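Student: Take this sequence and fold it.
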Amino acid sequence: MAALQHFRKPDTSTEGEAVTVYTLAEREPVPLSILHHPYCVTFSFYGADEGDEVVLCDASLVEEQLREGAATVGINRHGEVCQIAKLGGVPVDAVVLLNCVQVALVKLRRLLEEDARRRDKGGVIASLLSAENERVS
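Tutor: The predicted structure is shown next:
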């Protein structure tokens, strides 16, 4: 889903049967129209037996091999929980699971904002599409 959200296609227009595909210099590429798309974040749980529970978000391979339990939270950009998968492992308190949902939402929003900033070309495309011309005196 992240790859589909990241992808931008060239802008197009149609006039009768003629189709025009615009270059990057002519028009900025547009995102795909995806109406519903959950983002999944996996949480690993450690130390539930000792009372000092540790929760890791998107653990590495070694951390995954050492975990005592896991849960995957799927949310959409509006903060709506689409799914929670808690398959076996140690029991997890409901409050901890709700905190995981909040962490997943914060992470999702931060990543989408970073992606938007990376895509901003500093006005390069905007300046190419600008109607203003340099004036020579």
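
Student: quick one: contacts for the closest residue to Pro29 other than its chain neighbours?
Tutor: In space, Pro29 comes closest to Arg8 once its chain neighbours are excluded; the distance is 3.5 Å by CB to CB, 6 or more residues apart in numbering. In this view, the C-beta of every residue, glycine as well, is placed from N, C-alpha and C. Residues near Arg8 by CB atoms under 8 Å, 6 or more residues apart in numbering: Glu28, Pro29, Val30, Pro31, Arg119.

Student: Run through the residues that contact the second one.
Tutor: The neighbourhood of Pro29, defined by CB under 8 Å, 6+ apart, consists of Arg8, Lys9, Pro10, Asp11.

Student: State the phi and psi torsions of the third one.
Tutor: Spelled out, it's Pro10. Main-chain dihedrals, Pro10, degrees, to the nearest 10: phi -60, psi 140.

Student: right, and it touches Val19 too?
Tutor: No - assessed by CB atoms under 8 Å, Pro10 is found out of contact with Val19, at 11.1 Å.

Student: neighbour count winner among those two?
Tutor: Pro10 (14 against 9; other CB atoms under 10 Å).

Student: Against Arg27, how distant is that one?
Tutor: Using CB to CB, to the nearest Å, Pro10 is found at 8 Å from Arg27.

Student: what are the ranges of the strands in this protein?
Tutor: Ranges of strands within the chain are 8-9, 12-15, 18-21, 30-31, 39-46, 54-57, 69-75, 81-85, based on DSSP state E.

Student: a markdown table please, covering the ones you listed and showing distance to Val101 and mean pLDDT.
Tutor: Shown next, in a markdown table, are those (distance: least, CB to CB, whole Å; pLDDT from 0 to 100):
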| stretch | distance to Val101 | mean pLDDT |
| --- | --- | --- |
| strand 8-9 | 29 | 92 |
| strand 12-15 | 39 | 92 |
| strand 18-21 | 41 | 93 |
| strand 30-31 | 25 | 90 |
| strand 39-46 | 9 | 91 |
| strand 54-57 | 12 | 92 |
| strand 69-75 | 5 | 92 |
| strand 81-85 | 6 | 90 |
